[in-house]
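> pasting the sequence and the predicted model now:
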Amino acid sequence: MSEKLVEVIRSGIVESVHFGDIAVVNKNGGLLYYAGNPEQICFFRSSAKPLILLSHLLKNIHGHFNLTLRELAIMASSHSGGSSHIEVLSGIAKKLGVRESDLTCGVREPFGEKERYELYKTGKEPGQFHNNCSGKHLGNIAACKAAGYSWDSVSDPSHPVQLDVKALISDFCGLPAGSIHVGVDGCGVPVFGVPLKNMALAYSRIFDTDFMNGKYAYVQELLRRAVTQNPDMIASDDRIDTQLNRLTGGDHFGKMGSDGVFCVHIHSKGIGMALKILDGSIRAVAPAVIETLVQIKTLPPGAAEKLEDFHYPPVKTWSGRIIGSINPVFTLKQKTP
């Protein structure tokens, strides 16, 4: 059963609560810590993007199209839609020989508030590149072109590219492919549902080059270099994904998913963490993520203090006065052997 993870305090009163589930596992699948129900089945949402990119890298998309690490990083991202992101996306599209209108992710405002203001200040309207899934969609097209497949139906779960993605997720999650729930994500492509502990397992293995006797080692190392060297491409400077990566020197790689999902790979410990906020609230995610990392003692010295605004985000009036905070209130349970 899910448990209370986060409270929202306004003027000394608990105004709202957020329930959820957390799983921390090692790369052998051992459950180390948990809160709520680590068996809770949920969709990866955008937390699957790095795994999807691993599948595409097996098709040598980087070699076929001479893609840089920065360009690869945005394919694994939920970017904020800033000008630097649009510039990189435009460069990828040019290399692939496609136009923004060829994408099928749909038009969406920039994810970031600052980036939305930046766009509308210019008098321009949002396009598909501003959609935070546009990098993934360019990656899908690149995979199709590199493998010689048509990309008109790449969002169909039966498309060879999607079957390859599902097979890789099956490996990393340690589950038979037939047991993985397949749904439709907000951008129209398949999304994969697994128990939370298996989601954490996938993240514990994501950069483990010994996994399956090195079967994925080359692309794992390529992905690791891309995302850890370009944290600004994964989200933006005001988001936890980017700051967690940056402040730990890439040791903690975190990736957000919609509706309250967040996964973290902790490289130095060989463990993975997955979290789901039951009501899908984004405001509860960062406090629960940082609190988990504090409790399992993986953050480097000084990092927790620098992440305090994510750990205990202030509740403010519209004029900026602080009148409360968003607080984690759970204690992880340690799994006994």
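Sure thing, it's come through. Residues are numbered from 1 along each chain as shown.
> list the contacts of Gly106.
Gly106 sits next to Gln128, Asn131, Cys187, Gly188 when contact means Cβ atoms under 8 Å, 6 or more residues apart in numbering. Where C-beta positions appear, they are placed from N, C-alpha and C, glycine not excepted.
> list the contacts for the first one?
Just to be clear, that refers to Gln128. Contact analysis of Gln128 by Cβ under 8 Å, 6+ apart lists Glu100, Ser101, Leu103, Cys105, Gly106, Val107, Arg108, Ser134, His137.
> go again using 7 Å as the cut-off
Glu100, Leu103, Cys105, Gly106, Val107, Ser134 (Cβ atoms under 7 Å, 6 or more residues apart in numbering).
> same check, this time on Cys42
Listed by Cβ under 7 Å, 6+ apart, the contact set of Cys42 reads Gly193, Leu196, Val261, Lys276.
> ok, Leu201 next?
Contacts of Leu201 by Cβ under 7 Å, 6+ apart are Val25, Gly29, Cys173, Gly174, Gly272.
> show me how to select, in PyMOL, the buried members of these.
This is the PyMOL syntax for the buried subset of the contacts of Leu201, where burial follows 16 or more other Cβ atoms under 10 Å:
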select buried, resi 25+173+174+272
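> so which of the contacts of Leu201 belong to strands?
Val25, Gly272 (DSSP state E).
> can you list the contacts of Leu201 in CSV and add distance to Ala304?
Output for these, formatted as CSV (distance: Cβ to Cβ, whole Å):
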residue, distance to Ala304
Val25, 22
Gly29, 28
Cys173, 29
Gly174, 31
Gly272, 20
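> from the contacts of Leu201, which single one is nearest Glu71?
Nearest to Glu71, judged by Cβ to Cβ, of the contacts of Leu201 is Gly272 at 25.7 Å.
> quick check: bridge partners of that closest one?
Legend: beta-bridge partners of Gly272 under DSSP bridges are Val25, His265.
> what's the spacing between it and Ser11?
Applying Cβ to Cβ, to the nearest Å, the value for Gly272 to Ser11 is 38 Å.
> got it, and Leu31?
In terms of Cβ to Cβ, Leu31 sits 39 Å off from Ser11.
> one more: Ile22?
Applying Cβ to Cβ, the value for Ile22 to Ser11 is 29 Å.
> sorry, back to before: who has more neighbours, Leu31 and Ser11?
Leu31 (17 against 8; other Cβ atoms under 10 Å).
> from memory that one sits against Lys197, does it?
Yes - judged on Cβ atoms under 7 Å, Leu31 makes contact with Lys197 at a distance of 5.7 Å.
> so what sits against both of the two?
Taking Cβ under 7 Å, 6+ apart as the criterion, Leu31 and Lys197 both touch Ala23, Val25, Pro38.
> residues in contact with the second one?
If a contact means Cβ under 7 Å, 6+ apart, then Val25 has Leu31, Leu32, Lys197, Ala200, Leu201, Ser204, Ile271, Gly272 as its contacts.
> wait, the fourth one touches Ala274, no?
Yes - look at Ala200 against Ala274 with Cβ under 7 Å: they come within range, at 3.9 Å.
> distance of the nearest residue to His311 once chain neighbours are set aside relative to Ala235?
Once flanking residues are discounted, His311 sits nearest to Ile290: 4.1 Å by Cβ to Cβ, 6 or more residues apart in numbering. For Ile290, the distance to Ala235 (Cβ to Cβ) stands at 15 Å.
> who has more neighbours out of those two?
Taking other Cβ under 10 Å, Ile290 and Ala235 do not tie; Ala235 has more neighbours (25 against 22).
> which phi and psi does the more buried one have?
phi -150, psi -100 (degrees, to the nearest 10).
> who touches the closest residue to it other than its chain neighbours in this structure?
Excluding the flanking residues, the one nearest Ala235 by Cβ to Cβ, 6+ apart is Asp241, at 3.8 Å. Asp241 makes contact with Ile234, Ala235, Gly254, Lys255, Met256, according to Cβ under 7 Å, 6+ apart.
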